[in-house]
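K.L.:
I need the structure of the sequence given here:
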Amino acid sequence: MYTYMSVWLKMGVYLSTPKTEKASEDGENDRLRYGLSSMQGWRATMEDAHAAFTNLDGLTSFFGVYDGHGGKEVSRFCAKFLHHQVLQHEAYAAGDLGTSVRKAFLRMDEMMCGKTGQKELALLKAAADHSSSNGQNLPESDDQNGQTNHWPSEEGINSGYKGPSSGTTACVAIIRNNQLLVANAGDSRCVICRKGKAHDLSKDHKPELAAEKKRILEAGGYIQYGRVNGSLNLARAIGDMEMKQNKSLPAEKQIVTANPDIVTVELTEDDDFLIVACDGIWDCLSSQQAVDFVKEQLKTEKKLSAVCERVLDRCLAPSSGQEGCDNMTMILVQFKKSMDQKPSSKQQPGPSAK
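P.N.:
The predicted structure follows:
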């Protein structure tokens, strides 16, 4: 039987030599440019995924990091579908970005519990296993299949399938005009550099936090060794459906919830760049250390993906069993001055969903 202890053991498996090959890319539009890089490192498998779109709908840019655990399929599912669900919710058309994003996070769990979602997870896992056997970390996702735009609206809600035991964090940054919205569930993190100083725009959802602990205990869970039910070292995630089986509680109040914290800020001329990264980075660098490192690299390196690659190399542990052995993914978004520029119809899409 698949148990959370087996997840914990699987997460502790390391290679004898780290895989330092990186999947990197760059893109830009009239208002910003981005670079990203991901690396498997010492882990036996690569469970991170990401999505980056400079032109999600003509006015909006979307960047997301998904740090999987217990398997790679849920993180890839989110990289493939979450941004579509943001676009398709009625609140988005009404201009309510926060509501559409929150609903999209929660909708991931519903979708994965249906027959269509179950099939999609299996396909994503098979594709990921195939790419790994061929020495590739993150395959290009077929982001435009028919299921994307024609998903059964209610499927999953009354399905007998309980959904995946594996899960993922989700940390996304959405930029529209001068507004930046950050939604986070888990311990990936978004940090903005403002006047050279690091400002966290998300909170790491660890079980010991008062609000998280209260929800966990009230839902019938417990915390042991700093882990939810003795196994999961984060309190919010998409997936992990074994932790979401209390039928008397809504999704927001389950032992583990996909309900994101949402922060909205107005961008100004004082904002230089944005970092969205998984905890493989934050285990090794504080928010300010990461900002300082990026600032120093930008003095001589203009290619943002190269800066991300240097951060990954900086964080990689020299040997297994210590900080710096996790999968690592980082997206660096640099704002072009001036922030009062209007979006152009000639934006370069630069899409990525991996």
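
K.L.:
longest strand in this structure, by residue count?
P.N.:
strand 14-28 (DSSP state E).

K.L.:
which secondary structure elements does it contact?
P.N.:
With contacts defined as 3 or more CB pairs under 8 Å, 6 or more residues apart in numbering; DSSP states H and E, the packing partners of strand 14-28 are strand 32-43, helix 304-315. C-beta here means a position set from N, CA and C on the backbone, and glycine is covered the same way.

K.L.:
so S165 makes contact with D240?
P.N.:
Yes. Counting by CB atoms under 8 Å, D240 is a contact partner of S165 at 6.9 Å.

K.L.:
Settle it for me: which of the two has more neighbours?
P.N.:
Ranked by neighbour count (other CB atoms under 10 Å), S165 and D240 place D240 first, with 29 against 19.

K.L.:
my read: the more buried one touches S231, true?
P.N.:
No. D240 is beyond contact range of S231, at 9.6 Å (criterion: CB under 8 Å).

K.L.:
before we move on, back to that, find residues that contact each of S165 and D240.
P.N.:
G70 (CB atoms under 8 Å, 6 or more residues apart in numbering).

K.L.:
Going along the chain, name the helices of this protein.
P.N.:
When assigned using DSSP state H, the helices of the chain occupy the ranges 4-11, 73-88, 90-93, 97-112, 115-133, 146-149, 210-218, 279-282, 287-298, 304-315.

K.L.:
would you turn those helices into JSON lines with distance to E323?
P.N.:
Converted to JSON lines, the helices of the chain look like this (distance: least, CB to CB, whole Å):
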{"stretch": "helix 4-11", "distance to E323": "14"}
{"stretch": "helix 73-88", "distance to E323": "21"}
{"stretch": "helix 90-93", "distance to E323": "39"}
{"stretch": "helix 97-112", "distance to E323": "28"}
{"stretch": "helix 115-133", "distance to E323": "24"}
{"stretch": "helix 146-149", "distance to E323": "38"}
{"stretch": "helix 210-218", "distance to E323": "23"}
{"stretch": "helix 279-282", "distance to E323": "9"}
{"stretch": "helix 287-298", "distance to E323": "13"}
{"stretch": "helix 304-315", "distance to E323": "8"}
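
K.L.:
among those, which is nearest Y34?
P.N.:
Of all the helices of the chain, it is helix 304-315 that lies closest to Y34, at 6.1 Å by CB to CB.

K.L.:
helices or strands next to that closest one in the packing?
P.N.:
Using 3+ CB pairs under 8 Å, 6+ apart: helix 304-315 touches strand 14-28, strand 32-43, helix 279-282, helix 287-298, strand 328-335.
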